[in-house]
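K.L.:
Sequence isn't available, so here's the structure alone:
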Ligand SMILES: Cc1cc2nc3c(=O)[nH]c(=O)nc-3n(C[C@H](O)[C@H](O)[C@H](O)COP(=O)(O)OP(=O)(O)OC[C@H]3O[C@@H](n4cnc5c(N)ncnc54)[C@H](O)[C@@H]3O)c2cc1C
Ligand code: SF4
């Protein structure tokens, strides 16, 4: 019987193990995880958990009676493909017949002046969130470096807790993947909630005795702070694969069945994997979204048990959400590929809308604000690039748009 | 089988709607409406929906 080994005991890894069991796999499953915890879900770490509306237990993913051997608190340190085993940091080896790589990412660090001071945080794991939450309980002024999703969500959470926030980014707009046109909206949203947002500005250095007391920015200004969050994006956890010969781009390169291009017995899933996306003309991209990790995991768990020729492709368009100040932002497809944005639907009050992300003639993604009800319809349009004109024609037939269908105009 | 959705957790992501549009639907106000009693031959779909829900809001009962 096949022995399935999964490295990375988080969302993608858990879904892979569950799917393998659901598919009737009776052989051993070994789950190797660096963190000491059973799998948990990360989105609340910047939102509900940070704001105190959810507790640590609430972020646990349901594991149930899942029959796996957990090797938690142990990192994989190497991969020997010839010998078909994973090397662990404690010196032991775990033999595999099929291997799923699901080691995700970690927060990008910064080693500029003052990075070693107390009160300087990053956010990826549960411990990070618990530490940041404790800091926000007494902080007066939080500096957030990086206005991506995590930076923006933490800004919203900190404002909800009454903490003053300065949010800086070297880019010209927050949430850059959604483009400059929508960037103005997000900027206004943060400023309306009292965030001191400074764009085109980076961090030059931090200062203080033991703990951080002030920050120097690249425009020469100084901010008095007592807590800092570095939200600089993520770095892939692929160090343990160095020398294994697996193709890295720098993510683990897979075909559409999540099988690595280098080895049919090794699959990858979640944030660590680069998988061809039909909307991008089949380019292998990494999609760091919860839903992709869950879908990849599920598919990799099933596919790992099959012969390569029988494996099924991943085709659903990427889906992402973010919650800030009670506003629900949702995105489908690949907004980052957009050359322009076109508003397709809008409520009369302008508090709900759907915008198309357009590349050439084609709609390659949508961004919705408080428009959840409309997402399933667009999800069906976004399995492949489609001419925007075609989508707009169909839209005029839709009786359920958010308001007057703008596309008709 | 019975399908429970904890509406304190549900945030209208619509993953369940994508998997089983005949069982789950988002209403005008973006709130989820769903069929509480589902035939047993839909178990696989319901389990897929429960696993796909980012909020872990869906619970199944025999
Ligand atoms: C604060 C925060 C908020 C988020 N909010 C959203 C959101 O609102 N919407 C959304 O769509 N997405 C969100 N995401 C992204 C989402 O959480 C990720 O896409 C998802 O966690 C990816 O799952 P994964 O299993 O691929 O990787 P991860 O969750 O990163 O898990 C990888 C696991 O592998 C372990 N590991 C790493 N190296 C090794 C090793 N050598 N040996 C053994 N184990 C190892 C890690 O410790 C980790 O437990 C958020 C992420 C964060 C951090
Ligand atoms: S997937 Fe979950 S959160 Fe989304 S609508 Fe269904 S129950 Fe609600």
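P.N.:
Perfect, thanks for sending it. In this text, all values refer to a predicted model and were calculated from it rather than measured experimentally. Ligands and ions are numbered 1, 2, ... in the order given.
K.L.:
who's in contact with the residue positioned nearest the centre of chain B?
P.N.:
Centroid-nearest residue in chain B, with CA atoms, centre = their mean: residue B:16, separated by 4.9 Å. By CB atoms under 8 Å, 6 or more residues apart in numbering or on different chains, the residues touching residue B:16 are B:5, B:23-24, B:32, B:34, B:49, B:52-53, B:58. Backbone N, C-alpha and C define where each C-beta goes, glycine included.
K.L.:
For ChimeraX, write a command that selects the buried ones of the residues you listed.
P.N.:
This is how ChimeraX selects the buried members of those, with burial counted by 16 or more other CB atoms under 10 Å in any protein chain shown:
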select /B:5,23,24,32,34,49,52,53,58
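K.L.:
What is the nearest of the contacts of residue B:16 to residue A:273?
P.N.:
residue B:52 (18.1 Å; CB to CB).
K.L.:
and the nearest residue to that closest one once chain neighbours are set aside, how many neighbours?
P.N.:
Nearest non-adjacent residue to residue B:52, counting by CB to CB, 6 or more residues apart in numbering or on different chains: residue B:15, 4.1 Å away. Residue crowding around residue B:15 was assessed by other CB atoms under 10 Å in any protein chain shown; the count is 25.
K.L.:
what does residue A:178 give?
P.N.:
Neighbour count of residue A:178, defined by other CB under 10 Å: 24.
K.L.:
which residues touch it?
P.N.:
So residue A:178 contacts A:186, A:331, A:335-336, A:341, A:367 (CB under 8 Å, 6+ apart).
K.L.:
how far away is it from residue A:187?
P.N.:
11 Å (CB to CB, to the nearest Å).
K.L.:
repeat for residue A:267
P.N.:
Taken as CB to CB, the span from residue A:267 to residue A:187 is 41 Å.
K.L.:
Quickly list what residue A:72 is bridged to.
P.N.:
Per DSSP bridges, the residues bridged to residue A:72 are residue A:33.
K.L.:
For the closest residue to chain B within the stretch 151-300 of chain A, which non-adjacent residue is spatially closest?
P.N.:
Distances between the stretch 151-300 of chain A and chain B by CB to the nearest CB are smallest at residue A:290, namely 5.3 Å. Of all residues not flanking residue A:290 in the chain, residue B:54 sits nearest, at 5.3 Å (CB to CB, 6+ apart).
K.L.:
next one: phi and psi at the one you found?
P.N.:
Main-chain torsions, residue B:54, degrees, to the nearest 10: phi -70, psi -20.
K.L.:
Can you name the residues that contact the residue in chain A positioned nearest to chain B?
P.N.:
Residue nearest to chain B within chain A (CB to the nearest CB): residue A:372, separated by 3.7 Å. For residue A:372, the contacting residues are A:328, A:330, B:12-14, B:26, B:30, by CB under 8 Å, 6+ apart.
K.L.:
so which of those residues is the most crowded?
P.N.:
For the contacts of residue A:372, counting by other CB under 10 Å, the largest number of neighbours falls to residue B:14: 27 neighbours.
K.L.:
these two touch, right, it and residue A:375?
P.N.:
Yes. Applying CB atoms under 8 Å, one finds residue B:14 in contact with residue A:375, separated by 5.0 Å.
K.L.:
what is in contact with those two at once?
P.N.:
Here residue B:14 and residue A:375 have residue B:26 as joint contacts, going by CB under 8 Å, 6+ apart.
K.L.:
Near residue A:278, how many other residues are there?
P.N.:
17.
K.L.:
Quick check: the gap between the closest residue to it other than its chain neighbours and ligand 2.
P.N.:
Spatial nearest neighbour of residue A:278, chain neighbours left out: residue A:384 (5.3 Å); criterion: CB to CB, 6+ apart. Distance from residue A:384 to ligand 2, counting by CB to the nearest ligand atom, to the nearest Å: 24 Å.
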